[in-house]
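> the sequence and its predicted three-dimensional model are supplied below.
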Amino acid sequence: MNTDHIVRTFVEYFEERGHRRITGSTLLPPPGNPVLFTTSGMHPLTPYLEGHPHPLGRRLVNVQRCLRTTDLEEVGDNTHLTVFEMLGTWSLGDYEGPLSLDWGYRLLTEGLGINPGLLHATVFGGDDRTGLDTASLELWQERGVPVELTVEDNWWSSGPTGPCGPDSEIFLWTGSTPPESTPTGDDRWVEVWNHVMMRYRRLTDGSLVPLPQRNVDTGLGLERLALLLQGHTSVFECDVFEPWRRLLPALWQLDELSLRLTYDHLRSAIVVIGDGVRPANTGRGYVLRRLLRRVLTILQRDDPRRSLGDLPDELVEHTLDHFRQEGDPDVVRQVLLEEERRFGRLLQRGRQILARPRLQGPLGDDDLHYLHDTHGLPRDLVLNLRSEG
């Protein structure tokens with residue numbers, strides 16, 4: 001079952017249950033949103049979660065591209081990506097959490113054929129502000145799905161302020177042995193689907209007030225689900241990365257972790273550029289610049305002759321097409337190459353700065369902060385330049 005099939009199955013399942021499909025937005029959240037990039041499908045829907053009527057009604061479904069940098073250091077493992085796709089559903093003051101969880105359970109087990117014995121759920125255990133999510137707990141107990149209660153791991157918020165609420169997460173077992181332990185006790189349990197009972201707004205003082213309506217917001221990670229349904233152990237093995245696995249290893253001889261980081265960061269950079277962002281020293285542009293410089297550091301670490309100019313056109317075109325972007329592949333390549341030239345000039349300046357007498361000994365955190373803040377030299381780049389000697 002390839003990702004296109006998974007998307008069709010998901011959307012049609014919820015359309016049959018009264019949901020209207022909405023078009024996923026860009027990675028750029030609407031004006032006034034505190035986040036730099038869309039990190040979940042709910043960001044474009046914030047006004048409707050807060051009570052404004054949506055033109056398509058109270059039940060919605062979509063596919064949304066998202067970008068997260070909070071897990072950047074984990075990218076390269078089996079489950080984390082910088083840019084990914086989220087399958088989402090919403091109840092805007094319509095049905096409640098238990099029905100959403102029941103539909104999710106039935107889609108996974110009946111619609112997609114997943115063994116119910118490979119499922120585990122987590123549920124909000126309650127704190128001094130809101131109590132145990134008994135409705136979700138009872139639903140899972142009725143379905144015979146084991147449940148783990150947590151507090152911080154099962155409270156979802158869109159940022160320091162804004163809509164939030166308790167959630168129930170669905171995990172799938174990826175181990176080669178029968179399922180064991182719990183999601184917080186064994187990382188072979190992989191989270192695939194989060195159902196948020198979005199009932200509150202967090203104010204600037206941290207207090208919670210009820211939203212005008214009780215919503216349900218769900219997000220299912222497409223690539224994570226694909227790796228499990230396709231029988232793989234890593235998101236980098238699922239079908240969306242097939243062109244990358246086919247073309248890049250022969251072009252650039254890298255170890256597996258470096259290849260994964262290169263796949264992810266270049267693919268993410270193409271999508272970010274496709275949504276109109278350009279490299280800069282602040283904001284969204286800095287996120288893009290950081291991704292590209294991490295890639296360039298990897299590529300030139302062992303062989304300075306490696307260049308983004310060798311990146312196959314097929315990968316740029318495939319990425320833009322997969323994420324339904326209308327960007328010009330030639331423009332994307334121009335941005336990549338200009339940033340590579342800028343990086344080359346940074347390398348030359350960095351070598352000159354690191355040759356100064358005061359920087360000849362071991363570098364401490366203060367030195368690394370100075371090099372970054374004063375000269376724009378990232379920690380990874382500094383350590384890589386020092387290793388040249």
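Great, that's in hand. Numbers count the residues shown, from 1 in each chain.

> element containing residue 35, please.
If you go by DSSP states H and E, residue 35 is not part of any helix or strand.

> per-residue confidence for it?
With respect to pLDDT, residue 35 scores 81.

> neighbours of it, how many?
Residues lying near residue 35 (other Cβ atoms under 10 Å) number 14. Heads up, the C-betas are built off the backbone N, CA and C, glycines and all.

> may I have the phi/psi pair for it?
Backbone dihedrals for residue 35, given as degrees, to the nearest 10, come out at phi -90, psi 150.

> a helix runs through residue 148, doesn't it?
No - assigned with DSSP: H, G, I helix; E, B strand; the rest coil, residue 148 falls outside any helix and is strand.

> how close does it get to residue 189?
Computed as Cβ to Cβ, to the nearest Å, the residue 148 to residue 189 distance reads 9 Å.

> again with residue 163
Counting by Cβ to Cβ - residue 163 and residue 189 are separated by 27 Å.

> which elements pack onto the helix-or-strand element of the chain with minimal mean pLDDT?
One helix or strand of the chain scores below all others by mean pLDDT, DSSP states H and E: helix 379-388, with a mean of 79. Applying 3 or more Cβ pairs under 8 Å, 6 or more residues apart in numbering; DSSP states H and E, one finds that helix 379-388 contacts helix 283-302, helix 329-354, helix 365-375.

> chain center to the last one, what's the gap?
Translated: helix 365-375. Counting by Cα atoms, centre = their mean, to the nearest Å, helix 365-375 is centred 29 Å from the centre of its parent chain.

> then the second one?
Taking the mean of its C-alpha atoms, helix 329-354 sits 26 Å from the chain's own mean (Cα atoms, centre = their mean).

> tell me the mean pLDDT over it?
pLDDT averaged over helix 329-354 gives 93.

> compute the inter-axis angle for it and helix 365-375.
130 degrees (axes from the mean of the first three to the mean of the last three Cα atoms, to 10 degrees).

> what about the helix or strand hosting residue 86, distance to the chain center?
Using DSSP H and E, residue 86 sits in strand 83-92. On the basis of Cα atoms, centre = their mean, strand 83-92 sits 12 Å off its chain's mean C-alpha point.

> shouldn't residue 58 be in contact with residue 89?
No - contact criterion Cβ atoms under 8 Å: residue 58 and residue 89 do not qualify, at 11.5 Å.

> which one's more surrounded, those two?
residue 89 (26 against 18).

> who are the contact partners of the more buried one?
14, 19, 59-61, 100, 216-218 (Cβ atoms under 8 Å, 6 or more residues apart in numbering).

> any chance of CSV for those, columns secondary structure?
Shown next, in CSV, are the contacts of residue 89 (three-state DSSP):
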residue, secondary structure
14, helix
19, coil
59, strand
60, strand
61, strand
100, helix
216, strand
217, strand
218, strand
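
> of the residues you listed, which is the nearest to residue 321?
Distance ranking of the contacts of residue 89 against residue 321, using Cβ to Cβ, places residue 61 first at 22.0 Å.

> number of nearby residues for the closest one?
The number of residues packed near residue 61 is 23, by other Cβ under 10 Å.

> that one and residue 198: what is the separation?
In terms of Cβ to Cβ, residue 61 sits 16 Å off from residue 198.

> now do residue 346
For residue 346, the distance to residue 198 - Cβ to Cβ - is 43 Å.

> which one of those two has more residues nearby?
Between residue 346 and residue 198, counting by other Cβ under 10 Å, residue 198 is the more crowded of the two (29 against 17).

> so residue 89 bridges to which residues?
residue 61, residue 218 (DSSP bridges).
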